[in-house]
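[1] here is a sequence together with a model predicted from it:
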Amino acid sequence: MILPNKLFSYNDSILSKLPSILFVLDTPKSPVEILRLCRNIKGPVELVDILDCLYALKKIRLNDKGEIQRC
């Protein structure tokens with residue numbers, strides 16, 4: 001997980017990408033759909049880090065279909 005520090009600025013960290021994921025989740029979506037819609041995410045590893053962070057903050061959850069939705 002890349003957090004802002006002396007080496008990485010806020011814009012390079014995953015914290016700057018949290019709002020873009022939440023904005024896309026107006027309806028439940030699969031991780032593949034989220035990755036396609038968010039152009040500022042570099043790859044699936046970064047997406048998993050962002051989703052882990054959002055889940056820990058209780059901002060997203062998985063529904064019965066395995067899709068990600070906002071809380």
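    Yep, it's here.

[2] what kind of secondary structure is residue 20 in?
    helix (DSSP: H, G, I helix; E, B strand; the rest coil).

[3] quick check: the closest residue to it other than its chain neighbours vs residue 5, distance?
    Spatial nearest neighbour of residue 20, excluding adjacent residues (C-beta to C-beta, 6 or more residues apart in numbering): residue 38 at 5.3 Å. Any C-beta I mention is one placed from the backbone N, CA and C, and that applies to glycine too. Residue 38 is 23 Å from residue 5, where distance means C-beta to C-beta, to the nearest Å.

[4] how about residue 64?
    Applying C-beta to C-beta to residue 64 and residue 5 gives a distance of 38 Å.

[5] more neighbours: which of those two?
    residue 5 (9 against 5; other C-beta atoms under 10 Å).

[6] dihedrals phi and psi, the more buried one?
    Phi and psi for residue 5, reported as degrees, to the nearest 10, are phi -160, psi -160.

[7] residue 68 now?
    Phi and psi for residue 68, reported as degrees, to the nearest 10, are phi -100, psi 130.

[8] what of residue 70?
    phi -70, psi 150.

[9] tally up the residues packed near it, please.
    Residues near residue 70, counting by other C-beta under 10 Å: 15.

[10] the closest residue to it other than its chain neighbours and residue 5: what is the separation?
    Spatial nearest neighbour of residue 70, excluding adjacent residues (C-beta to C-beta, 6+ apart): residue 25 at 4.7 Å. Counting by C-beta to C-beta, the gap from residue 25 to residue 5 is 28 Å.

[11] got the phi/psi numbers for the residue nearest the centre of the chain?
    With the centre of the chain defined as its mean C-alpha position, the nearest residue by C-alpha atoms, centre = their mean is residue 50, 3.7 Å away. Dihedral pair for residue 50: phi -70, psi -40, per degrees, to the nearest 10.
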